[in-house]
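Student: have a look at this prediction, sequence included:
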Amino acid sequence: MNKWIRQFHRWVSVAFALTVIATTIALAQEKPVLWMSYVPLLPLALLALTGLYLFILPYAVKWRGGRSIAGQT
């Protein structure tokens with residue numbers, strides 16, 4: 001499952017980058033589309049959740065007394 005979350009995090013980061021580029025282009029127009037500024041918020045929230053999980057994962061394994069995840073990729 002950790003592998004899946006890491007891969008999901010990577011793909012969501014690509015989606016986030018694309019939405020930021022699209023938002024920048026949309027807001028730079030003569031008549032900007034203001035709702036476009038909210039588009040990157042969903043990928044950003046997903047990145048925050050998966051990023052926190054991936055950040056806390058090594059500490060949780062150590063706290064549980066489990067094996068190291070360094071060998072797992």
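Tutor: In hand now; what should we look at?
Student: center of the chain, which residue is that?
Tutor: L47 (2.0 Å; C-alpha atoms, centre = their mean).
Student: H9 reaches A48, doesn't it?
Tutor: No: counting by C-beta atoms under 8 Å, H9 stays clear of A48, with 10.3 Å between them. Every residue, glycine included, has its C-beta placed from N, CA and C.
Student: assign a three-state SS to the residue nearest to the centre of the chain, would you?
Tutor: helix (DSSP: H, G, I helix; E, B strand; the rest coil).
Student: that one: what's it in contact with?
Tutor: H9, V12, S13, F16 (C-beta atoms under 8 Å, 6 or more residues apart in numbering).
Student: same check, this time on P32
Tutor: So P32 contacts A26 (C-beta under 8 Å, 6+ apart).
Student: point out where this protein drops to low pLDDT.
Tutor: 66-73 (pLDDT under 70).
Student: higher neighbour count, H9 and A48?
Tutor: H9 (16 against 10; other C-beta atoms under 10 Å).
Student: distance of that one from L46?
Tutor: Applying C-beta to C-beta, to the nearest Å, one obtains 8 Å for the distance of H9 from L46.
Student: any idea where the helices of this structure begin and end?
Tutor: Under the criterion DSSP state H, helices of the chain are mapped to 2-27, 41-64.
Student: nearest to W35, of the ones you listed?
Tutor: helix 2-27 (9.1 Å; C-beta to C-beta).
Student: using TSV, lay out the contacts of L47 together with distance to L41.
Tutor: Formatted as TSV, the contacts of L47 follow (distance: C-beta to C-beta, whole Å):
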residue	distance to L41
H9	17
V12	12
S13	15
F16	10
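Student: how many neighbours does P43 have?
Tutor: 19.
Student: how close does it get to L52?
Tutor: For P43 relative to L52 (C-beta to C-beta), the value is 15 Å.
Student: go on, T23?
Tutor: 24 Å.
Student: more neighbours: which of those two?
Tutor: T23 (17 against 10).
Student: most remote residue from this structure's center?
Tutor: E30 (30.8 Å).
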